[in-house]
Structures are given as C-alpha cells and as structure tokens.
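>>> what would the 3D arrangement of this be:
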Amino acid sequence: MRRQHRTKIVATLGPGTGDAKSIATLFHAGADVFRLNFSHGAHSEHKARLDAIRELERSSARPIAVMMDLQGPKLRIGTFKGGPVELREGAAFRLDLDEAEGDSDRVTLPHPEIFQALEPGADLLLDDGRIRLTVERCDAKSADCRVAVGGPLSERKGVNVPGVVLPLSPLTEKDRADLAYGLTLGVDWVALSFVQRPEDIEEARALIQGKAGILAKLEKPAAIDKLDEIVAAADALMVARGDLGVEMPPEDVPVQQRRIIEACRLAGKPVVVATQMLDSMVERPVPTRAEASDVATAVYSGADAVMLSAETAVGDYAEEAVAMMNRIIERVEKDPVYRKGLEAQRQKPEPTTADAVATAAAQMATTLAVNAIATYTTSGSTTLRVARERPPAPILGLTPRDDTARRLALVWGVHPARVPDAQDLDDMSATATHQAKIDGFGNEGDRIVITAGVPFSTPGKTNLLRIARIGGASETS
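Alright, predicted model coming up:
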C-alpha cells in the first residue's frame with residue numbers, strides 16, 4: 001500500500017476506536033502511526049489494540065509504528081468541601097500541604113517539590129490557565145497568593161508553574177510500570193511527557209535500553225530554553241501545544257512551533273505537531289477553516305507528522321478526521337510553493353561521507369526526476385539523513401529489521417519496507433528495484449537512486465550511491 005502523502009499522520013486510539021475494525025478503518029484512511037495514551041485505559045486494553053495493529057501490519061504488509069504516550073507527573077490541587085468555589089480577582093488564596101478539604105480561602109497542593117521551587121512573584125496557573133495566582137509569600141510547605149485572574153474552581157484541577165524548573169523526574173512510579181509493560185509489548189516510540197532538560201531523556205534512555213525510540217514532548221517553556229540540548233538527546237520531538245499554550249502567551253506558540261521544527265530539521269530528527277489540530281471534528285464532520293489552515297501551516301513548515309488526539313480517540317467522526325487530514329496534506333504537498341519552501345529550508349550538510357551521499361541522492365532525484373530514493377539501513381540513520389534533505393522523490397526505507405522499519409513510519413517521506421540484507425551490489429540493486437516496483441513507485445525502465453553502506457549490515461556507514469533501472473542493470477555507482 002503506497003501512501004501519497006509525505007507528512008505522516010499520527011492517530012490516537014481510545015474508547016471510540018479501540019477495536020480491530022476501527023483501527024483498520026483509520027489505517028486505510030491514512031494513519032501511519034497509532035498512539036496509545038497511557039494516561040487512560042488499562043494495560044489489557046492497550047495490549048488488545050497493539051495486537052490488532054500487528055495483525056493489520058501482517059495483512060497489509062506495511063510496517064506500522066506504535067507510540068506509547070506516558071502520562072508524566074500530573075500536578076493537581078486537592079478537594080473542596082461543599083463543591084466548587086469562586087475565586088475573585090484581588091482576593092487572597094493559600095496553597096499548602098494540609099490534607100483538609102479546601103474552601104474559598106485555601107486548598108491542598110500535595111506537591112512539596114512545587115513549594116521548593118517557588119519564589120515571590122511567580123505565577124501559578126490552575127485549570128488549564130483559567131485561574132492565575134501570583135505568589136506573594138512562600139516557604140517549603142505553603143504559598144500565599146493573590147488572585148490575578150479569578151473564576152470558578154473545582155477540585156483536582158491541574159496546576160502549571162510557568163517559568164520555573166521543577167525538581168521533578170518526568171517518570172512517576174506509574175510511568176515506570178507503564179513503560180516496562182509497553183516495552184514487553186514491543187512499542188516503537190515512547191513519548192516522554194513533562195520534559196524540562198536533557199537529563200530527563202537520559203533517565204528514560206537508561207530504562208528503555210534501545211528497545212524503542214524516545215520522543216520528547218515539549219510542553220514547558222523550560223524545555224524551550226534547553227531546546228538544542230533536548231533535540232540532541234532525543235530521537236524525535238513533539239510540539240505539544242496544549243500545555244505549552246497554557247504556560248506561555250498564545251501568540252508565542254506559533255513562533256516556538258516554527259523554531260522547534262527548524263531545530264529538528266537541522267538535526268535530522270523527526271518532529272510531530274500535536275493538539276487541537278482538527279478539534280471541532282470531535283463533534284462535527286468537517287473542520288473549521290482555521291483548523292485546516294493550522295494543519296497546512298505545520299505541513300508547509302516541514303514537520304514530519306501531524307497528530308490527532310481526541311478527534312480519533314473519542315470523536316464521533318474519527319475516520320473523517322483522518323481522511324480530512326490526509327486530504328489537507330496531499331493538497332499542500334502538490335502546491336509548488338510547498339516545494340520551494342522545503343528547498344529554502346534545506347540545511348547545509350555536515351562534512352561527512354554520509355551527509356555528502358544523502359545530499360547527492362537528493363540532488364540526483366531532482367536532476368534526473370527519478371521515481372524513488374531507496375535507502376538501505378540497519379539503524380535508520382541512512383534514511384533519516386536522506387529525509388532531512390526533503391527530496392522531491394519518495395524514500396524507500398529498506399531494512400532487514402522490523403523495529404527499524406516501524407520507527408521509520410514516523411519519518412517524513414519514508415515508505416518503510418522490510419527486506420533481506422543485501423549480499424552484494426547486484427543483489428542490492430535487484431532488491432531495491434523489485435521493491436520499488438511491487439510497492440508502486442515505478443515500472444519497467446524507470447530509474448531509482450540507491451544509497452547504502454558498504455560493508456553491508458554496518459550501522460551508520462553510508463558511503464555508496466547508485467542509480468538503477470527497474471528491471472535492468474545499474475547505470476553507475
């Protein structure tokens with residue numbers, strides 16, 4: 001099955017799409033990656049969904065990536081006696097460690113690590129930013145605040161602390177248990193929530209031990225301050241605009257989205273844009289024009305993937321949402337302005353053999369108008385280097401490893417395929433041209449560009465470039 005879109009689609013599974021039939025429907029509508037949100041659902045539910053995905057993978061003969069999204073530390077206030085309270089602007093309000101039920105004057109905040117990091121003048125955001133408190137006095141057990149923006153407040157609402165690096169691990173005990181279970185299932189990507197610094201990624205990497213790629217979710221301004229270091233430490237990134245939009249002014253979010261995408265493009269790391277992309281399609285069969293433009297903006301910017309959350313997890317129009325996103329992507333990618341923009345964003349290659357080969361492959365694809373670029377890869381690094389160039393030809397990611405093929409399903413322009421490792425150069429050309437033909441990338445006589453590393457099966461060693469014809473011999477090498 002050949003996709004026509006280059007920008008990939010991530011679909012979140014949930015109560016509305018947890019069965020095998022629904023998963024297949026989303027896949028055939030255009031989804032390339034399925035997200036399992038471990039903030040919700042039992043382990044048995046996630047296993048059933050992953051089993052259905054793997055069965056779909058076998059029947060479709062196409063690698064499908066599975067992303068497990070860890071909940072991360074959720075900071076919440078306690079309960080109120082007698083129900084919700086009304087916080088009025090200018091009133092005093094206290095947060096403390098007292099476990100007694102709260103009222104209009106105070107409430108429990110059972111997170112001592114927050115009090116350890118607070119200073120007078122800091123802001124606290126409650127209920128997704130609807131309530132804003134300013135800290136006037138604080139110690140290790142409490143914070144006396146003034147209500148800057150008031151309104152109704154009910155129990156167990158979330159708390160955000162913008163501009164403050166909290167002494168928290170991104171992995172709670174629940175996350176560690178979920179992660180261990182997900183790795184036994186064989187997930188391909190682990191989305192790490194609440195990343196604040198590169199050390200958070202290294203903590204997760206020590207637990208994952210190469211069994212899955214690490215995707216760092218950028219949800220806090222503190223992470224933006226360490227962007228380059230986090231990009232270097234992670235395998236992929238997500239612009240998680242929900243929490244990011246709570247902790248910074250809305251007008252800053254599009255700017256940071258563009259900055260994150262460019263940083264990932266420079267490093268050759270996949271980047272996903274997420275949250276509320278087609279949010280109105282949770283309840284309606286069509287998106288707003290603004291939502292369609294939002295998806296298009298991410299595609300024009302060169303993102304590797306765009307993600308649907310509630311739209312496919314609990315929405316009434318899950319299939320329609322994926323199909324709509326697919327149509328928007330395909331329409332943008334046909335626009336000549338899109339290609340010009342990608343070429344303008346192209347990064348200067350590093351002075352390495354691998355980058356030189358990847359750059360040359362993209363240039364050949366343009367000059368010769370080849371049907372595809374076939375990249376032989378073991379770890380995925382060869383394919384990632386070519387994808388960073390955003391070539392005009394689709395990329396065939398050829399690998400003998402199931403895990404590599406699945407991870408590449410997230411990467412821009414890559415059609416992953418599992419093939420036996422090449423034995424020699426002739427076998428390499430024959431396998432690549434055959435795969436291009438059976439996957440619909442060309443017919444007899446059409447040309448493809450092939451990149452590989454010699455000796456074969458040597459990860460990270462891209463040093464060969466060849467042009468070959470489908471059904472014929474190689475032209476040059």
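>>> outline the domain layout of the chain.
Under automatic domain parsing, the residue ranges defining each domain of the chain are 8-72+171-334, 85-160, 346-476.
>>> I'd like the mean pLDDT over the first one, please.
In this model, domain 8-72+171-334 carries a mean pLDDT of 96.
>>> quick check: residue 347 touching residue 362?
No - under the criterion of C-beta atoms under 8 Å, residue 347 makes no contact with residue 362, lying 11.5 Å away. The C-beta positions use only the backbone N, C-alpha and C, and glycine is treated the same way.
>>> who has more neighbours, these two?
Taking residue 347 and residue 362 together and counting by other C-beta atoms under 10 Å, residue 362 has the greater number of neighbours (25 against 15).
>>> so what's the more buried one up against?
In this structure, residue 362 makes contact with 373, 386, 389-392, judged by C-beta atoms under 8 Å, 6 or more residues apart in numbering.
>>> just give me the closest of those residues to residue 277.
The shortest approach to residue 277 among the contacts of residue 362 belongs to residue 390, at 21.0 Å (C-beta to C-beta).
>>> A helix includes residue 51, no?
Yes - assessed with DSSP: H, G, I helix; E, B strand; the rest coil, residue 51 lies in a helix.
>>> identify the residues contacting it.
Neighbouring residues of residue 51 by C-beta under 8 Å, 6+ apart: there are none.
>>> turn the domains of the chain into CSV, including distance to residue 340.
Listed next are the domains of the chain as CSV, based on distance: least, C-beta to C-beta, whole Å:
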stretch, distance to residue 340
domain 8-72+171-334, 10
domain 85-160, 38
domain 346-476, 11
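>>> got a list of contacts for the strand or helix carrying residue 293?
If you go by DSSP states H and E, residue 293 is part of helix 289-300. Contact with helix 289-300 is made by 7, 254, 257, 261, 273, 276-281, 306, 324-325, 328-329, 331-333, 337-338, 341, as judged by C-beta under 8 Å, 6+ apart.
>>> and those, which of them are in helices?
Under the assignment DSSP state H, the contacts of helix 289-300 contribute 254, 257, 261, 324-325, 328-329, 331-333, 337-338, 341 to helices.
>>> so which of those residues is the closest to residue 221?
When the ones in helices among the contacts of helix 289-300 are compared against residue 221 (criterion: C-beta to C-beta), the nearest one is residue 257, at 13.3 Å.
>>> which SS class is the residue nearest to that closest one when sequence neighbours are not counted?
Closest residue to residue 257 apart from its sequence neighbours, by C-beta to C-beta, 6 or more residues apart in numbering: residue 239 at 4.9 Å. Each residue gets one of three states, and residue 239 gets strand by three-state DSSP.
>>> surely residue 239 and residue 261 touch.
Yes - Residue 239 sits in contact with residue 261 when judged by C-beta under 8 Å, with a separation of 7.3 Å.
>>> more crowded one of these two?
The residue with more neighbours, out of residue 239 and residue 261, is residue 239; 27 against 21, by other C-beta under 10 Å.
>>> list the contacts for that one?
Contacts here follow C-beta under 8 Å, 6+ apart; on that basis residue 239 touches 218, 256-257, 260-261, 271-274, 303.
>>> quick one: it from residue 222, how far?
Between residue 239 and residue 222 the distance, using C-beta to C-beta, to the nearest Å, works out to 15 Å.
>>> likewise residue 46?
Per C-beta to C-beta, residue 46 is found 30 Å from residue 222.
>>> so which of the two has more stuff around it?
Remark: of residue 46 and residue 222, residue 46 carries more neighbours, 23 against 19, as counted by other C-beta under 10 Å.
>>> name the element the more buried one belongs to?
Assigning secondary structure by DSSP H and E places residue 46 in helix 43-60.
>>> dump the C-alpha coordinates for that helix into PDB.
Once non-C-alpha atoms are left out, helix 43-60 reads as follows in PDB (Å, rounded to 0.1, in the frame of the first residue of the first chain):
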ATOM      1  CA  HIS A  43      -2.900  -2.400  30.300                       C
ATOM      2  CA  SER A  44      -5.200  -5.100  28.800                       C
ATOM      3  CA  GLU A  45      -6.900  -2.500  26.600                       C
ATOM      4  CA  HIS A  46      -3.600  -1.300  25.200                       C
ATOM      5  CA  LYS A  47      -2.400  -4.800  24.600                       C
ATOM      6  CA  ALA A  48      -5.600  -5.600  22.600                       C
ATOM      7  CA  ARG A  49      -5.100  -2.500  20.500                       C
ATOM      8  CA  LEU A  50      -1.400  -3.300  19.800                       C
ATOM      9  CA  ASP A  51      -2.300  -6.900  18.900                       C
ATOM     10  CA  ALA A  52      -4.800  -5.600  16.400                       C
ATOM     11  CA  ILE A  53      -2.200  -3.200  14.900                       C
ATOM     12  CA  ARG A  54       0.300  -6.000  14.500                       C
ATOM     13  CA  GLU A  55      -2.300  -8.200  12.800                       C
ATOM     14  CA  LEU A  56      -3.200  -5.300  10.500                       C
ATOM     15  CA  GLU A  57       0.500  -4.900   9.800                       C
ATOM     16  CA  ARG A  58       0.800  -8.500   8.700                       C
ATOM     17  CA  SER A  59      -2.300  -8.400   6.500                       C
ATOM     18  CA  SER A  60      -1.300  -5.100   4.800                       C
END
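>>> right, and the helix or strand after that helix?
Scanning forward in sequence from helix 43-60, with DSSP H and E defining helices and strands, the next element found is strand 65-69.
>>> quick one: strands adjacent to that following strand?
In the sheet containing strand 65-69, its partner strands are strand 33-37 (parallel), strand 189-192 (parallel), by DSSP bridges.
>>> report the distance from that strand to the chain centre.
If you compare the mean C-alpha spot of strand 65-69 with that of the full chain, they lie 9 Å apart, counting by C-alpha atoms, centre = their mean, to the nearest Å.
>>> equivalent analysis for stretch 438-454, please.
With C-alpha atoms, centre = their mean as the basis, the distance from the averaged C-alpha position of stretch 438-454 to the chain average is 29 Å.
>>> can you get me the start-to-end distance on that stretch?
Distance between the boundary residues of stretch 438-454 (C-alpha to C-alpha, to the nearest Å) amounts to 25 Å.
>>> give me the buried stretch members for it, please.
Judged by neighbour count using 16 or more other C-beta atoms under 10 Å, the buried positions of stretch 438-454 are 439, 441-442, 446-453.
>>> equivalent analysis for stretch 335-353, please.
Burial within stretch 335-353, assessed by neighbour count using 16+ other C-beta under 10 Å, is assigned to 338, 341-342, 349.
>>> next: stretch 427-440.
Within stretch 427-440, the residues scored as buried using 16+ other C-beta under 10 Å are 428-433, 435-437, 439.
>>> over to stretch 71-85?
Those would be 71-73, 75, 77-78, 80, 85, for stretch 71-85 by 16+ other C-beta under 10 Å.
>>> what's the mean pLDDT across stretch 438-454?
Confidence over stretch 438-454, taken as the mean pLDDT, stands at 91.
>>> should've said stretch 461-475
On average, stretch 461-475 scores 81.
>>> could you dump that stretch to PDB, C-alpha only?
The C-alpha trace of stretch 461-475 is given here as PDB (Å, rounded to 0.1, in the frame of the first residue of the first chain):
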ATOM      1  CA  LYS A 461      28.100   3.800   7.500                       C
ATOM      2  CA  THR A 462      26.500   5.400   4.400                       C
ATOM      3  CA  ASN A 463      29.100   5.600   1.700                       C
ATOM      4  CA  LEU A 464      27.600   4.300  -1.600                       C
ATOM      5  CA  LEU A 465      25.300   5.900  -4.200                       C
ATOM      6  CA  ARG A 466      24.000   4.100  -7.300                       C
ATOM      7  CA  ILE A 467      21.400   4.700 -10.000                       C
ATOM      8  CA  ALA A 468      19.500   1.700 -11.200                       C
ATOM      9  CA  ARG A 469      16.600   0.900 -13.500                       C
ATOM     10  CA  ILE A 470      13.600  -1.200 -12.600                       C
ATOM     11  CA  GLY A 471      14.000  -4.500 -14.500                       C
ATOM     12  CA  GLY A 472      17.500  -3.500 -15.700                       C
ATOM     13  CA  ALA A 473      21.100  -3.100 -14.600                       C
ATOM     14  CA  SER A 474      22.700  -0.300 -12.600                       C
ATOM     15  CA  GLU A 475      23.700   2.700 -14.600                       C
END
